[in-house]
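In: fold the following for me, if possible:
(one chain, ligands or ions: 2)
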Amino acid sequence: MIGPDVAGIAERLGLAADTATAIGQLAAETGLDVDAAYAVQTALLQRRLDRGERLVGLKMGLTSRAKMAQVGVDEVIWGRLTDVMRVPDGGTVDTGAYIHPRVEPEVAFLLDRLPEPGEPVGDFTDAVRAVAPAIELIDSRYADFTFSLPDVVADNTSAAAFVVGPWSPVPDGLENLGVLLEIDGRVAQVGSTAAILGDPRRALDEGIRLAGRHGVGLREGWLFLAGAATAAVPLRPGAHVRAVVEKLGTASLRAAS
Ligand code: OOG
Ligand code: MG
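Out: Ligands and ions are numbered 1, 2, ... in the order given. The predicted model follows:
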């Protein structure tokens with residue numbers, strides 16, 4: 001049997017992102033399973049590398065019940081982050097560059113020395129140099145932000161842009177810090193880092209394990225987004241967004257009007 005057309009699917013998803021044009025789901029029609037979907041994700045990354053982007057880290061997705069419930073997929077997933085996706089803290093994004101952008105509060109890690117895939121992280125403070133509040137801007141390339149598990153994996157887990165706030169040493173109690181998402185000074189979402197797999201440190205274990213299955217090892221100096229603690233909120237033109245994580249501070253972005 002001939003497998004799914006990995007390169008062709010990656011091209012369709014890449015064009016959808018480049019032109020901010022939604023497409024229909026692809027997995028059912030092309031017979032894409034999760035393994036082939038990660039191959040599509042790798043081809044999409046290659047497409048970005050070919051135009052000069054740099055891989056700067058990984059992101060986890062669907063590490064909280066709130067996120068799983070919002071999108072109706074209940075498996076932890078991971079995707080790739082490139083330098084071009086990074087928006088400076090306090091920076092401005094153009095919502096017109098996206099299909100239906102949403103923002104969500106995240107915790108970012110700056111990776112230090114990493115164990116090999118299959119080895120436990122052990123001492124987290126050896127593996128993680130610093131922690132920061134972050135915002136992820138997600139933008140599913142699928143119409144109505146609706147997808148199956150292989151669809152969202154192929155689509156680089158809806159990754160579009162991200163903001164990282166100020167770095168701090170790993171604080172005590174990382175497993176239960178309050179998280180807020182504010183839009184225009186009003187609280188839009190409330191959560192806790194405990195929502196991220198019970199402890200965001202577990203997201204790193206999962207990232208090492210799941211990416212390792214596909215031959216991807218995490219690297220010193222990489223960024224790592226642990227996954228949103230709350231559901232995501234639509235990003236409207238003119239909005240000012242802040243993610244506040246107790247003990248870590250704030251990351252913010254503005255959407256141009
Ligand atoms: C998939 C990406 C999920 C997270 O933090 O859970 C994600 C989506 O919600 O479109 O980035
Ligand atoms: Mg996210």
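In: residue numbers of this structure in contact with ligand 1?
Out: 59, 61-63, 67, 71, 104, 136, 138, 140, 152, 157-158, 227-228 (CB under 6 Å from any ligand atom). (C-beta placed from N, C-alpha, C; glycine too.)
In: narrow the residues you listed to those in helices?
Out: Among these, the residues falling in helices (DSSP state H) are K67, V71, V152.
In: so who does the second one touch?
Out: With contacts taken as CB atoms under 8 Å, 6 or more residues apart in numbering, V71 has the following neighbours: L62, F145, F147, V152.
In: can you name the two of these that sit furthest apart?
Out: L62 and F145 (13.6 Å; CB to CB).
In: how deep is the closest residue to ligand 2 within the stretch 101-250 of the chain tucked in, by neighbour count?
Out: Going by CB to the ion, ligand 2 is nearest to E136 of the stretch 101-250 of the chain, at 3.9 Å. Residues within reach of E136, counting by other CB atoms under 10 Å, total 28.
In: just A203 next, same as before
Out: Neighbourhood size, A203 [other CB under 10 Å]: 27.
In: wouldn't it be in contact with K59 here?
Out: No - using CB atoms under 8 Å, A203 is not in contact with K59, being 9.6 Å away.
In: list residues touching both of the two?
Out: F224, G227.
In: report the buried residues of the worst-scoring helix or strand of the chain on mean pLDDT.
Out: Of all helical and strand segments in the chain, the minimum by mean pLDDT, DSSP states H and E falls on helix 124-127, at a mean of 87. Buried residues in helix 124-127, counted by 16 or more other CB atoms under 10 Å: F124, A127.
In: same question for stretch 100-115.
Out: For stretch 100-115, by 16+ other CB under 10 Å, it's 100-111, 114-115.
In: list the beta-bridge partners for the one residue sitting closest to the centre of the chain.
Out: The residue lying closest to the centre of the chain (CA atoms, centre = their mean) is K59, at 4.1 Å. Per DSSP bridges, the residues bridged to K59 are G79, L225.
In: related to what we said a few turns ago, what is the most widely separated pair among the buried residues of stretch 100-115?
Out: H100 and P115 (37.9 Å).
In: show me where the stretch 1-150 of the chain has its strands.
Out: 55-61, 77-82, 86-87, 91-93, 102-111, 128-138 (DSSP state E, counting those that start in this stretch).
In: can you pull out the helices in the protein?
Out: Under DSSP H, the chain gives helices at 6-19, 27-30, 34-50, 65-71, 124-127, 149-154, 200-213.
In: if we can go back for a sec, tell me which of the strands of the stretch 1-150 of the chain sits nearest to T42.
Out: strand 77-82 (8.3 Å).
In: so how far is that closest one off the chain centroid?
Out: 6 Å (CA atoms, centre = their mean, to the nearest Å).
In: swap in stretch 38-57?
Out: 15 Å.
In: how about S257, what does it touch?
Out: P237, G238.
In: S158 versus L137, what's the distance?
Out: 9 Å (CB to CB, to the nearest Å).
In: check I2 too.
Out: 28 Å.
In: tell me which of those two has more neighbours.
Out: Neighbours were tallied for I2 and for S158 using other CB under 10 Å; the higher tally belongs to S158 (24 against 5).
In: with distance to E119 and mean pLDDT added, can I get the strands of the stretch 1-150 of the chain in a markdown table?
Out: Listed next are these as a markdown table, based on distance: least, CB to CB, whole Å; pLDDT from 0 to 100:
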| stretch | distance to E119 | mean pLDDT |
| --- | --- | --- |
| strand 55-61 | 17 | 98 |
| strand 77-82 | 18 | 98 |
| strand 86-87 | 29 | 98 |
| strand 91-93 | 37 | 98 |
| strand 102-111 | 15 | 98 |
| strand 128-138 | 15 | 97 |
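In: make TSV from the ones you listed and add distance to H240 to it.
Out: Shown next, in TSV, are those (distance: least, CB to CB, whole Å):
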stretch	distance to H240
strand 55-61	23
strand 77-82	23
strand 86-87	13
strand 91-93	10
strand 102-111	11
strand 128-138	11
